[in-house]
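Q: build me a model:
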Amino acid sequence: MALRVLDKTALPAFVESLAAAQHVVGPVRKEGGHVLQPVKAASDLSLQYTTTVLPPKQYLFPSREKLLRFTLGETPTVAPVVEAEPLVLFGIHPCDIVAINQLDRVFADTNPDQNYLTRRAATTIVGVDCVPDDKCYCEWTGSGQVSVGYDLFLTDLGDLYAVDVASDKGQALIAAHAQTSPGGPEQIAAVHAKQEAKAQACTRHLPSSVALMPLVMTKAEGSEVWKKYARRCFACGSCNLVCPTCYCFDVLDRMEVTLTEGARLRQWDGCLLEEFAAVASGENFREHRENRLFHRVSRKFHYQYVKYGQPHCVGCGRCGRTCVAGIDQVDIITDLLAESGKGG
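A: Alright, predicted model coming up:
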């Protein structure tokens with residue numbers, strides 16, 4: 001829509017005015033790394049960061065949520081529960097915005113998920129550019145830059161931020177809470193230069209194009225690569241929990257102690273967990289870890305890629321940072337490419 005300029009000295013007033021008006025969540029530095037949590041002041045924010053421990057999907061698709069409440073008795077009742085409030089996600093990186101765009105498609109496809117979609121509609125996203133490290137491979141997955149899915153996007157240009165105003169919600173936010181001025185050709189050129197510099201700083205590359213991955217995965221199910229990494233994998237599901245594009249869940253009913261009422265809950269599940277593919281008969285369709293590893297990588301680089309036209313891995317590197325066994329998805333992909341003869 002428009003490019004505006006925000007002086008850095010005006011950022012605290014912007015954040016605090018915003019936080020006084022509605023719920024704001026942003027990156028905060030903690031001992032174990034950056035986390036997304038509610039903020040009230042600009043001093044709470046830490047915008048110079050590589051990644052948060054958990055992705056912003058936790059605010060759109062909570063790790064546990066109520067789907068409905070029910071009562072028993074002569075006339076049972078059922079009432080849907082959709083818990084959503086206006087929210088600003090502040091300081092979200094391009095890779096995580098791309099991931100949210102992908103979740104938007106998934107939860108709107110075939111059987112629209114009203115809990116997610118209602119929460120998403122109530123959410124405003126303020127993006128900010130990132131600081132890549134040696135675990136990031138977002139340029140390879142095409143997620144290093146983003147042009148849709150946010151309402152405002154801030155690019156650090158030294159003494160000021162260039163603000164890409166991308167939606168009516170973003171325009172309203174700027175008008176109500178920030179002192180900005182129009183941007184011009186000089187700021188546009190500076191943004192492009194900053195984007196190019198960031199792309200160059202993302203030095204982790206793979207030996208072949210990501211576009212080859214669906215073809216590689218069609219022939220990879222029986223690969224020895226899965227056994228190689230399964231011997232190290234603890235099947236703990238950490239990679240599932242920190243992934244910004246994983247969306248599998250389990251559903252359970254929880255009764256109150258009175259046994260007259262209860263709630264249906266949805267909670268995150270993970271395909272690396274041993275019981276993920278187990279069924280009531282006792283059969284487990286992915287009993288072995290190598291099968292579950294194949295399934296996870298195949299979802300990212302084959303099934304979803306073919307269905308939606310882009311990989312469902314955004315190259316944030318969270319899975320590699322979090323894995324207690326030191327397994328990095330880039331190493332798995334590199335081995336698969338080499339085995340298939342596509343490794344450069």
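
Q: in the chain, which spans are strands?
A: All strands of the chain, identified by DSSP state E, fall at 2-7, 23-30, 33-38, 64-71, 77-80, 87-92, 123-128, 152-156, 160-165, 181-182, 249-255, 261-268.

Q: pick the most buried one from the ones you listed.
A: For those, the largest average neighbour count (mean count of other CB atoms under 10 Å) is found in strand 87-92, namely a mean of 25. (Glycine included, C-beta is placed from N, CA and C.)

Q: circling back to that earlier point, can I get the strands of the chain in JSON lines with distance to H295 and mean pLDDT?
A: Listed next are those as JSON lines, based on distance: least, CB to CB, whole Å; pLDDT from 0 to 100:
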{"stretch": "strand 2-7", "distance to H295": "43", "mean pLDDT": "94"}
{"stretch": "strand 23-30", "distance to H295": "31", "mean pLDDT": "96"}
{"stretch": "strand 33-38", "distance to H295": "28", "mean pLDDT": "96"}
{"stretch": "strand 64-71", "distance to H295": "24", "mean pLDDT": "96"}
{"stretch": "strand 77-80", "distance to H295": "31", "mean pLDDT": "95"}
{"stretch": "strand 87-92", "distance to H295": "28", "mean pLDDT": "98"}
{"stretch": "strand 123-128", "distance to H295": "30", "mean pLDDT": "98"}
{"stretch": "strand 152-156", "distance to H295": "34", "mean pLDDT": "97"}
{"stretch": "strand 160-165", "distance to H295": "38", "mean pLDDT": "96"}
{"stretch": "strand 181-182", "distance to H295": "50", "mean pLDDT": "94"}
{"stretch": "strand 249-255", "distance to H295": "16", "mean pLDDT": "95"}
{"stretch": "strand 261-268", "distance to H295": "16", "mean pLDDT": "96"}
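
Q: distance to D109 for the ones you listed - can I get that in TSV?
A: Compiled in TSV, the strands of the chain are given as follows (distance: least, CB to CB, whole Å):
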stretch	distance to D109
strand 2-7	32
strand 23-30	26
strand 33-38	26
strand 64-71	18
strand 77-80	20
strand 87-92	22
strand 123-128	19
strand 152-156	26
strand 160-165	28
strand 181-182	39
strand 249-255	15
strand 261-268	17
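
Q: of all those strands, which one is nearest G326?
A: Closest approach to G326 among the strands of the chain is made by strand 33-38 (17.1 Å; CB to CB).

Q: now do that closest one against strand 23-30, angle only.
A: Relative orientation of strand 33-38 versus strand 23-30 (axes from the mean of the first three to the mean of the last three CA atoms, to 10 degrees): 160 degrees.

Q: strand 33-38 packs against which elements?
A: In terms of contacts (3 or more CB pairs under 8 Å, 6 or more residues apart in numbering; DSSP states H and E), strand 33-38 is packed against strand 23-30.

Q: give me the sheet partners of the strand it packs on and which way each runs.
A: Paired strands of strand 23-30, with direction, are strand 33-38 (antiparallel), strand 87-92 (parallel) (DSSP bridges).

Q: in this structure, what spans have low per-residue confidence?
A: Of all residues in the chain, those with pLDDT under 70 make up the ranges 1, 344.

Q: the same query, at a cut-off of 80, please.
A: Within the chain, the stretches with pLDDT under 80 are 1, 342-344.

Q: show me the helices in it, by range?
A: Assigned by DSSP state H, the helices in the chain fall at 11-21, 57-60, 94-108, 114-121, 138-141, 168-177, 185-201, 213-218, 224-230, 238-242, 289-298, 304-308, 318-322, 329-340.

Q: nearest to Q37, out of these?
A: helix 57-60 (10.0 Å).

Q: phi, psi of the residue located most distally from the centre of the chain?
A: Largest separation from the mean C-alpha position in the chain: E74, at 44.3 Å (CA atoms, centre = their mean). With angles defined as degrees, to the nearest 10, E74 sits at phi -60, psi -40.

Q: so it versus T260, what's the distance?
A: Using CB to CB, to the nearest Å, E74 is found at 11 Å from T260.

Q: kindly report the same for K198.
A: In this view, K198 and T260 are 57 Å apart by CB to CB.

Q: the more surrounded of those two?
A: K198 (19 against 11; other CB atoms under 10 Å).

Q: leaving out chain neighbours, which residue sits closest to that one?
A: D129 (6.2 Å; CB to CB, 6 or more residues apart in numbering).

Q: and the one you found, what does it touch?
A: H93, P94, L154, T155, D156, K194, Q195, K198 (CB atoms under 8 Å, 6 or more residues apart in numbering).

Q: hang on, the last one packs against C138?
A: This means K198. No - when contacts are counted by CB atoms under 8 Å, K198 is not listed as touching C138 (9.5 Å).

Q: please identify every residue contacting each of those two.
A: P132, G144.
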